[in-house]
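Enquirer: Provided below are the primary sequence and the corresponding predicted coordinates.
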Amino acid sequence: MAREKDSFSDLLWQLAFQVRSRCQRAVAESGFTLYGMHVRLLHLIAAEPLCRAQTLVAASGRDKAQIARLLKDLQGQGLLAREPHPEDGRSQMITLTEQGRELLTKVRAAEQAVESEFLAKLTERETETFVRLGRKMLAP
């Protein structure tokens, strides 16, 4: 039997914790108070040119109320803006402000540093296997 510190769940928790804590540090050093889902939304908004709240609900798996609260937090800190959606007048388009893009650049650098540190310990084949297995485990 595997010791608790070597269990699958504990290893995943430790990996996720390292990524989150280093990204949190990058956010805090920039003077913002954000948590993991805030950062996840910054990534999702940046990736979707005509982003709507419904898009974020679907992509994140979170409920509408939680997304609304997170968006309000991000907007309150000046990291995102809302404007009428060009294709659907009933909804708003969500975009990152310049400040939001700058913060996301810092977060991505922190994520890349952690990733590089961890992946330097693996061969290219091990990395490919890890990613393939992760995708397989997350598939519906």
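Expert: Nice, thanks for sending it over.
Enquirer: identify the residues contacting stretch 91-104?
Expert: Here stretch 91-104 makes contact (Cβ atoms under 8 Å, 6 or more residues apart in numbering) with 27, 30, 32, 42-43, 45-46, 50-54, 56, 71, 74, 78-86. Backbone N, C-alpha and C define where each C-beta goes, glycine included.
Enquirer: one more time with 10 Å
Expert: 26-27, 30-32, 34, 38-39, 41-46, 48-56, 67, 71, 74-75, 77-87 (Cβ atoms under 10 Å, 6 or more residues apart in numbering).
Enquirer: low-confidence ranges in the chain?
Expert: 1-5 (pLDDT under 70).
Enquirer: helices of that one, residue ranges please.
Expert: Taking DSSP state H, the helices of the chain run over residues 8-29, 36-47, 53-60, 64-76, 98-119, 124-138.
Enquirer: ok, now which ones touch the residue nearest to residue 130 when sequence neighbours are not counted?
Expert: Take residue 130 and drop its neighbours on the chain: the residue closest to it by Cβ to Cβ, 6 or more residues apart in numbering is residue 122, 6.9 Å away. When contacts are counted by Cβ under 10 Å, 6+ apart, residue 122 touches 128, 129, 130.
Enquirer: done for today, thanks.
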